[in-house]
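Colleague: build me a model:
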Amino acid sequence: MPATGPVATDEQKSISPGGGAPSPNEQAPKPLWGENELADPHGRADKPERVRGMFGAIAGSYDLNNRLHSFGIDQAWRGRAVRAASVRPGDDVLDMACGTGDLTAMFGATEARRVVGGDFTPQMLELARKKQIAAGGKARIEYVEADAMALQFPDASFDVVSIAFGIRNVASPAGALAEFRRVLRPGGRLVVLEFDRPRNPLVRVVNNLYTQRIMPLTATLLSGDRSGAYRYLPRSVGTFMTREEMVRAIERAGFSDVRVESLTFGVAACYRGFVRGAPS
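Modeller: Residues are numbered from 1 along each chain as shown. Reported below is the predicted structural model:
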């Protein structure tokens, strides 16, 4: 089994969701993300296990919440990522933090030879495989449990690596970017989709009201989530790297000609970097 982050401690196991209703002599499980944890979510040593538990808790309602709370724009963002990847016939594609497989399936509709969707949340992968079967399946798409910090693939295995709204959830973005660079071939492309902070002051105020006040309430009600996922998600965006810092991080990982495109008034951004050298 591939590495999936640190092993959970007894304390972490006690707060993991999905353990069933507590007995009368037991306390209800604590949220994975409370006020103390949200003070610095990216600085926590146990962040990988909390993130995995969180996504496991919300997997069943993940797609519905994405569509409703992005007003369907999230799929357009994923389509932009596919175009940025410039997939060529015969390319091998790795889509990390694939979740329920929306972006992976879009890559599967290209002329890629092989598409691998990787995630370290089993519940998400189970849904991705079910969606693949329901859609008729594509033999060249494979879903695997994988950790962005320790990919199980050999060097120079892929022509495209993508990650959509997942780079801020890994323990070390720099470590993940280095792994992405390792598994890319000469001429390979990295595409990163991530939420951003709008530059326009008015748009930023409206976006903050929506993402920090309205969305956490409605998404939590819709999902019935008790993990604190929809409090973590906006907080993880607001405390993550700026656009300029992300560009520098991608460059430090060894990518060249790094470019960033602002999406939907700056609510999200699409980053693209290249591996020097001609494709083999």
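Colleague: any low-confidence regions in the stretch 101-250 of the chain?
Modeller: Along the stretch 101-250 of the chain, segments meeting pLDDT under 70 span 139.
Colleague: that one: strands as residue ranges?
Modeller: Taking DSSP state E, counting those that start in this stretch as the criterion, the stretch 101-250 of the chain carries its strands at 114-119, 141-145, 158-164, 184-195.
Colleague: closest one to residue 258 among those strands?
Modeller: strand 184-195 (8.6 Å; C-beta to C-beta). All C-beta atoms are positioned from the backbone trio N, CA, C, and that covers glycine.
Colleague: any idea how far the closest one is from the chain center?
Modeller: Centroid separation for strand 184-195 versus its chain: 14 Å, with C-alpha atoms, centre = their mean, to the nearest Å.
Colleague: and for stretch 115-123?
Modeller: The answer for stretch 115-123 is 10 Å, by C-alpha atoms, centre = their mean.
Colleague: what's around the closest residue to residue 56 other than its chain neighbours, how many residues?
Modeller: Spatial nearest neighbour of residue 56, chain neighbours left out: residue 123 (4.5 Å); criterion: C-beta to C-beta, 6 or more residues apart in numbering. Residue neighbour count, defined by other C-beta atoms under 10 Å, stands at 18 for residue 123.
Colleague: can you offset everything so residue one is 40?
Modeller: Happy to do that; since the first residue is 40 now, the last one works out to residue 162.
Colleague: identify the residues contacting residue 162.
Modeller: 94-95, 98-99 (C-beta atoms under 8 Å, 6 or more residues apart in numbering).
Colleague: any chance of those residues in TSV, with distance to residue 194 and neighbour count too?
Modeller: Shown next, in TSV, are the contacts of residue 162 (distance: C-beta to C-beta, whole Å; neighbours: other C-beta atoms under 10 Å):
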residue	distance to residue 194	neighbour count
94	28	23
95	31	19
98	32	21
99	37	14
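Colleague: mind checking which of the residues you listed land in helices?
Modeller: 94-95 (DSSP state H).
Colleague: and the two most separated of the contacts of residue 162?
Modeller: Taking C-beta to C-beta, no two of the contacts of residue 162 sit farther apart than 94 and 99, at 10.9 Å.
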